[in-house]
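1. no sequence on this one, just coordinates:
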C-alpha cells in the first residue's frame, strides 16, 4: 500500500530526514518511534503531501504523492497532533463541512457520518459545541474527520498526547478494529510502551535516520 524510497529532507545545512526507505502493507499498524526531533512528523508531512521532499519518492497504492497528489491524497486520512477543529461548531456540523470538502455526496455523507461517529463513539456529543468537549472527545472528532471518505490509509501524529489512560485504551480498541478491517495505520509517537502494545511493526528513528525496526506481535527480532 505505501512505498517510501530514499526519502530525504534538508533545511539548509540541517538534514531533517536522511535516506529513509520502508514499505507498509494493508491490515497493519505501523509505529514510528523516536524522541522529539527524530524526524517522525517531518516524514509524515512529506508522506501526506503537506511538505515537499528534497529527494526520494512516496507512493500510495502506486500513486506518487508529488506527481499524482490528488489520487494519492484521496487514499489518506490524516490526524495531526493538534486536530484543526472549529471550536464554535458541533462535531456534526464540522463533519458535514469536512465531508463536503472531501467531495462526498449528500447520501455518502449521511451514511459515513453515522458510521464514523459510531466507530469513534462521539454520537452522544454530536450536537455539543466542540469548545465544550474534553480533549479526549476532541481527539476522537479529529479521528472521525480523518475516517470520512473511508481512506485505506490512516496516519496519526502523537494521537494519545492529550489523552488519559482510559481514553487511550478506547482509541486503541478503535484502531485495532480498523486494522482488522484491512486498513493500514501509521502511529507517530515517542512512547515505547504504546507501540509495543498496539503496533504490528515498529520503525525507530533518531536524528532523521532509520536505525532499525522490530516486530511486536509474534517475534521480538530486531533487524
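-> It's in. Keep in mind it's a predicted model, so treat the numbers as computed, not measured.

2. and residue 29, helix, strand or coil?
-> At residue 29 the chain is in strand, as set by DSSP: H, G, I helix; E, B strand; the rest coil.

3. Wait, it touches residue 175, no?
-> Yes - using Cβ atoms under 8 Å, residue 29 is in contact with residue 175, at 6.4 Å. C-beta coordinates here come from the backbone N, C-alpha and C atoms, glycine included.

4. Run through the bridge partners of the spatially most central residue of the chain.
-> Nearest to the mean C-alpha position of the chain, counting by Cα atoms, centre = their mean, stands residue 155 at 1.4 Å. When bridges are called by DSSP bridges, residue 155 pairs up with residue 78, residue 186.

5. ok, now which ones touch it?
-> Residues counted as contacts of residue 155 (Cβ atoms under 8 Å, 6 or more residues apart in numbering) are 44, 47, 48, 76, 77, 78, 79, 146, 185, 186, 188.

6. what does residue 73 give?
-> If you count contacts by Cβ under 8 Å, 6+ apart, residue 73 has them with 48, 49, 65.

7. Rebuild the residues you listed as a markdown table, extending it with secondary structure, neighbour count and distance to residue 125.
-> Formatted as a markdown table, those follow (DSSP: H, G, I helix; E, B strand; the rest coil; neighbours: other Cβ atoms under 10 Å; distance: Cβ to Cβ, whole Å):
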| residue | secondary structure | neighbour count | distance to residue 125 |
| --- | --- | --- | --- |
| 48 | coil | 22 | 27 |
| 49 | coil | 19 | 31 |
| 65 | coil | 24 | 34 |
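
8. and residue 208, what does it touch?
-> Here residue 208 is in contact with 9, 15, 16, 17, 18, 38, 39, 42 (Cβ under 8 Å, 6+ apart).

9. Identify those among these that sit within helices.
-> Using DSSP state H, residue 42 are the members of those that sit in helices.

10. most surrounded residue in the contacts of residue 208?
-> Taking other Cβ atoms under 10 Å as the neighbour criterion, residue 17 ranks highest of these with 26 neighbours.

11. any idea how far the nearest residue to it once chain neighbours are set aside lies from residue 178?
-> Among residues not flanking residue 17 along the chain, residue 9 sits closest, at 4.1 Å (Cβ to Cβ, 6 or more residues apart in numbering). For residue 9, the distance to residue 178 equals 28 Å [Cβ to Cβ, to the nearest Å].
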